[in-house]
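Student: got a structure for you, letters missing:
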DNA sequence: AATATACAGTCAACGTTATTGACTATCAAA
DNA sequence: TTTGATAGTCAATAACGTTGACTGTATATT
């Protein structure tokens, strides 16, 4: 009766993923809130964080791809992020249909705060399980992501946005 | 310029987690929809899947713990799941405050379908990265989850439900 | 026993986020 | 220069989660 394996070998992977992600989410949100950035919508973290890495201005379409939400949802998300002064839009001179988005001053600062919080978790994680395990985890997760992409193509986009996540 | 590492070593962990989870979510949803179970709310997957493992009837409070949502949200979730005939409520004879929930016939069938889809992904994952990497991933994710729990206690529940996830 | 406190869950109102459907504007190609 | 595809917006609605106030049941203290 005591012969139980460690809990994390019993639990189902999706649930494990869910809770693991929430650790990051909670830490980043707390750090942001403490720095006064307490009005960022859910997916805003991904937008801000992503833009901080990409550096430049990306078109809405790219957000749609990365977040896998409808373009209307993406537009709305950007709207509120613009209204709250994290993002700004600019016309793309190459193609006037496109409106690229980029971080404002405030947005960059929020991104930095967020990155710091994330890196703190990352660092703590290294001390807990070691870089080797983390690398393995990344490989494993990447394989999962790939499988998702493949299926999506296979099924020729018959997969609604909200079906995901 | 071509000296780039594999993409999954560049990407930030929360995003990787997000997409990895969506692979499971999409596969399970597709399988369920094909079997006629296309009316399951988002968190319903966790409720149904979780109940299928626990077997028995659990009280609402346990759902709240596991999903980390407000009790009202949990109640509402159960409401719709009951309305759609996946779940049923029963009074707990021990403590008449408690209403335990358990799977209906339909619910069990949905759970089976879902589990099958999940296991298919699991199996494919083994062939892709091997059991060793998966074990490492589990250890790593578990460490993350633990960190989340610890922080939560540290901060004495000052952490709203929606802050998570 | 009597009262106070804690716990399990519901009801109602509201806010946020995502969805669908219809539309405008721009570009690309025949 | 019409045709078709692409980028994004507007408006209405649906799904989900939150807060606050409430009922009923159990538990502990006097």
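Tutor: Okay, I see it. Values in this document were obtained by computation on a predicted structure and should not be read as measured data.

Student: Can you tell me the centre-most residue of chain A?
Tutor: Residue closest to the mean C-alpha point of chain A, counted by C-alpha atoms, centre = their mean, is residue A:46 at 3.5 Å.

Student: how about the strands in chain A?
Tutor: Ranges of strands in chain A, per DSSP state E, are A:58-59, A:87-91, A:99-103.

Student: just to revisit the earlier point, can you give me the separation between the residue nearest to the centre of chain A and residue A:118?
Tutor: 12 Å (C-beta to C-beta, to the nearest Å). (Glycine included, C-beta is placed from N, CA and C.)

Student: Same question for residue A:11.
Tutor: Relative to residue A:118, and taking C-beta to C-beta, residue A:11 is found at 24 Å.

Student: Quick check: residues of chain A near DNA strand D?
Tutor: Chain A has residues A:59-61, A:71-72, A:75, A:78, A:89, A:95, A:97-100 near DNA strand D, with proximity defined as C-beta under 7 Å from any atom of the strand.

Student: where does chain A have low pLDDT?
Tutor: Low-confidence segments of chain A, defined by pLDDT under 70: A:1-3, A:155-165.

Student: Find residues that contact each of residue A:46 and residue A:118.
Tutor: Common neighbours of residue A:46 and residue A:118 are listed as residue B:14 (criterion: C-beta atoms under 8 Å, 6 or more residues apart in numbering or on different chains).

Student: The longest helix along chain A near DNA strand C anywhere?
Tutor: Ranked by residue count under DSSP state H, the longest helix found in chain A is helix A:105-154. No: Helix A:105-154 lies apart from DNA strand C when judged by C-beta under 7 Å from any atom of the strand; the minimum separation is 13.9 Å.

Student: Which other helices and strands does that helix contact?
Tutor: helix A:13-34, helix A:44-54, helix B:7-10, helix B:13-34, helix B:105-154 (3 or more C-beta pairs under 8 Å, 6 or more residues apart in numbering or on different chains; DSSP states H and E).

Student: mind redoing it with 10 Å?
Tutor: Contact partners of helix A:105-154 among helices and strands, from 3 or more C-beta pairs under 10 Å, 6 or more residues apart in numbering or on different chains; DSSP states H and E: helix A:13-34, helix A:44-54, helix A:71-83, strand A:87-91, strand A:99-103, helix B:7-10, helix B:13-34, helix B:105-154.

Student: what is the orientation angle of that helix with strand A:87-91?
Tutor: Counting by axes from the mean of the first three to the mean of the last three C-alpha atoms, to 10 degrees, helix A:105-154 lies at 70 degrees to strand A:87-91.

Student: rewinding a little: excluding chain neighbours, what is closest to the residue nearest to the centre of chain A?
Tutor: Leaving aside its sequence neighbours, residue A:46 sits nearest to residue A:67 (C-beta to C-beta, 6 or more residues apart in numbering or on different chains; 6.0 Å).

Student: For burial, what's the neighbour tally of that neighbour?
Tutor: Neighbour count of residue A:67, defined by other C-beta atoms under 10 Å in any protein chain shown: 21.

Student: My understanding was that it contacts residue A:49; is that so?
Tutor: No: under the criterion of C-beta atoms under 10 Å, residue A:67 makes no contact with residue A:49, lying 11.5 Å away.

Student: Now list whatever residues contact both of the two.
Tutor: residue B:15 (C-beta atoms under 10 Å, 6 or more residues apart in numbering or on different chains).

Student: Okay, buried residues for stretch A:110-124 please.
Tutor: Within stretch A:110-124, the residues that count as buried by 16 or more other C-beta atoms under 10 Å in any protein chain shown are A:110, A:111, A:113, A:114, A:115, A:117, A:118, A:121.

Student: again with stretch A:30-40
Tutor: For stretch A:30-40, a neighbour-count test (16+ other C-beta under 10 Å) marks A:30, A:31, A:32, A:37, A:40 as buried.

Student: So the residue lying closest to the second one once chain neighbours are set aside versus DNA strand C, what's the distance?
Tutor: Which is residue A:31. In space, not counting the residues next to it along the chain, residue A:31 is nearest to residue A:117; the distance is 3.7 Å by C-beta to C-beta, 6+ apart. Distance of residue A:117 to DNA strand C, given as C-beta to the nearest atom of the strand, to the nearest Å: 18 Å.

Student: Hmm, residue A:117 is touching residue A:37, no?
Tutor: No: with contact defined as C-beta under 10 Å, residue A:117 does not count as touching residue A:37 (11.0 Å).

Student: Quickly list what's touching both of these two.
Tutor: Taking C-beta under 10 Å, 6+ apart as the contact rule, residue A:117 and residue A:37 both touch A:28, A:29, A:31.

Student: For stretch A:32-43, what is the distance to the chain centroid?
Tutor: 14 Å (C-alpha atoms, centre = their mean, to the nearest Å).

Student: And the contacts of that stretch?
Tutor: Stretch A:32-43 is contacted by residues A:25, A:28-31, A:44-45, A:47-48, A:63, A:66-67, A:69, A:73-74, A:76-77, A:80-81, A:83-86, A:106-107, A:109-114, A:116-117, A:165, B:18, B:162-163, B:165 when judged by C-beta under 10 Å, 6+ apart.

Student: Go ahead and build a ChimeraX selection from the buried members of those.
Tutor: In ChimeraX syntax, the buried subset of the contacts of stretch A:32-43 is picked out as below (16+ other C-beta under 10 Å):
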select /A:25,28,29,30,31,44,45,47,48,63,66,67,69,73,74,77,81,84,86,107,110,111,113,114,117 /B:18,163
